[in-house]
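Participant: Quick one, fold the following:
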Amino acid sequence: MPLVTLTVRKPKSIDFKDAVLAGVHRALVASGVPAADLFQRILELDAEDFRFDPSYPDLSRPRTTEFVLIEILLSVGRTVKVKRQIVSAVVAELKANLGLDPEHIMICFVETRWENWSFAGGRLIHA
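Facilitator: Residues are numbered from 1 along each chain as shown. You can find the predicted model right below:
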């Protein structure tokens, strides 16, 4: 069960946020995540609450206020190959559907063990 967190600077339209999250979800589904496994949240922050370096590490073009940070919390077990496929698909989706510069997209995977998920009712179904 991936949990996707999108962090952006205010203001962003609902269409922009929907397009980013839809692109991420399509990339995850293409990697084998069930289509119904949809858990997403958006953090839309003021500039003073979302700070980032415009050029780290060696970008070809500086980041702007269109910068998006995408965190994907998922269970351990995806290979580097699968993660590369997800990243490639997300970047392609956001470039094609939003015209977003790939230099403005940061993706971070965070892995947790299966037994750390309680989907509902206090049940640890993988423990």
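Participant: can you give me the helices for the protein?
Facilitator: Remark: helices assigned in the chain by DSSP state H are 14-30, 80-98.
Participant: what sits up against the first one?
Facilitator: Taking contacts as CB atoms under 8 Å, 6 or more residues apart in numbering, the residues outside helix 14-30 that touch it are 2, 4, 6, 8, 35, 37-38, 40, 42, 44, 68, 70, 72, 85-86, 89-90, 93-94, 97-98, 100. The way it works is simple: take the backbone N, C-alpha and C, and place the C-beta from them, glycine included.
Participant: Stretch 119-127 now?
Facilitator: For stretch 119-127, contacts defined as CB under 8 Å, 6+ apart pick out M1, W114, E115, W117, S118.
Participant: Report pLDDT for the third one.
Facilitator: The score at E115 is 85. That number is its pLDDT.
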